[in-house]
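**Student:** Let's see this in three dimensions:
(4 chains)
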2 protein chains.
Amino acid sequence: MAQSAKKHDVFQAIADPTRRDVLKLLSKKELPISEITAHFPMTRTAIAKHLVILSEANLVSGRKVGREKRYRLHPEPLTELKEWLAYYEQFWTNKLSILKYVVENNKDTQDDDK
Amino acid sequence: MAQSAKKHDVFQAIADPTRRDVLKLLSKKELPISEITAHFPMTRTAIAKHLVILSEANLVSGRKVGREKRYRLHPEPLTELKEWLAYYEQFWTNKLSILKYVVENNKDTQDDDK
DNA sequence: ATTATATAACACTATTTGGTTTCATGTCAA
DNA sequence: TTGACATGAAACCAAATAGTGTTATATAAT
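**Tutor:** The predicted model follows:
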């Protein structure tokens, strides 16, 4: 399957909450699809499709180990996000009210379930 | 369709290239829909829908001025993106090739480690 | 070799998305 | 008031996504 086909970019890849959670999971360690699936209320096939999208954005890659395929995180494409974001930082680095916003809306969606 | 303010989050809002371009446009100055539309190869209605999505993510707001509605940028919700991204910076701050890339493009690498 | 397991490959459906056209409403200016 | 302009809203359409289930293939262990 296409690993470099840029059908999906990093912006689309992280738009989905499930995919963000998958990335978070894989940031801890390499995992096979079945183990990833165990953390979500959906089928393995659905997770596999999410992994395809993440792969197309080059955010993850899979390597076969025996009969399972282990996926691991590739954070590099996130630099594109950071680049994009950098442009807008000029608009808040001199606005202290933003800090207030961050504190009041501290919605970090990281779940460290394992 | 009930437009609850959080139907679209910032991640979904910026997933579309057109919407990212709209944000960039509005970062220069406040603009009415018709002027925004002039920059894109699509109808005013399509742009209006994108603006609804951006509004739901609180990335833009519109105020009526006479018979036109001027939209302006609200960069604050992008901090959520920055927060999310900060978690992954740990994975490339020790990868010097990436750091080099970022530095060479004059992007500051402040880390909001959690 | 047989069997159990992990993943791949399809086929299908429902929903969402991004876009259109059409029509209605409201505002400015002559 | 009338006409031009700007927006809002609805109905509709095509394509892409996200999900399902089933079947096939490859590998590991016995």
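
**Student:** Where does A:Ser34 fall, secondary structure wise?
**Tutor:** helix A:33-37 (DSSP states H and E).

**Student:** what about that helix and DNA strand D, touching?
**Tutor:** No - judged by C-beta under 7 Å from any atom of the strand, helix A:33-37 stays clear of DNA strand D, getting no closer than 9.4 Å. Every residue, glycine included, has its C-beta placed from N, CA and C.

**Student:** Tell me which other helices or strands that helix touches.
**Tutor:** Secondary-structure packing of helix A:33-37 (3 or more C-beta pairs under 8 Å, 6 or more residues apart in numbering or on different chains; DSSP states H and E): helix A:17-28, helix A:44-56, strand A:68-73.

**Student:** could I get these as CSV with mean pLDDT and distance to B:Leu51?
**Tutor:** Converted to CSV, the helices and strands packed on helix A:33-37 look like this (pLDDT from 0 to 100; distance: least, C-beta to C-beta, whole Å):
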stretch, mean pLDDT, distance to B:Leu51
helix A:17-28, 89, 23
helix A:44-56, 87, 27
strand A:68-73, 88, 34
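
**Student:** got the CA coordinates for the helix holding A:Ser34 in CSV?
**Tutor:** The C-alpha trace of helix A:33-37 is given here as CSV (Å, rounded to 0.1, in the frame of the first residue of the first chain):
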residue,chain,number,x,y,z
ILE,A,33,-2.8,-3.5,15.3
SER,A,34,-4.6,-5.9,17.6
GLU,A,35,-3.2,-4.2,20.7
ILE,A,36,-4.0,-0.8,19.4
THR,A,37,-7.5,-1.9,18.7
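
**Student:** any bit of that helix sitting next to DNA strand C?
**Tutor:** Yes - judged by C-beta under 7 Å from any atom of the strand, helix A:33-37 comes into contact with DNA strand C through A:Ile33, A:Ser34.

**Student:** any idea of the mean pLDDT for that helix?
**Tutor:** Helix A:33-37 shows a mean pLDDT of 86.
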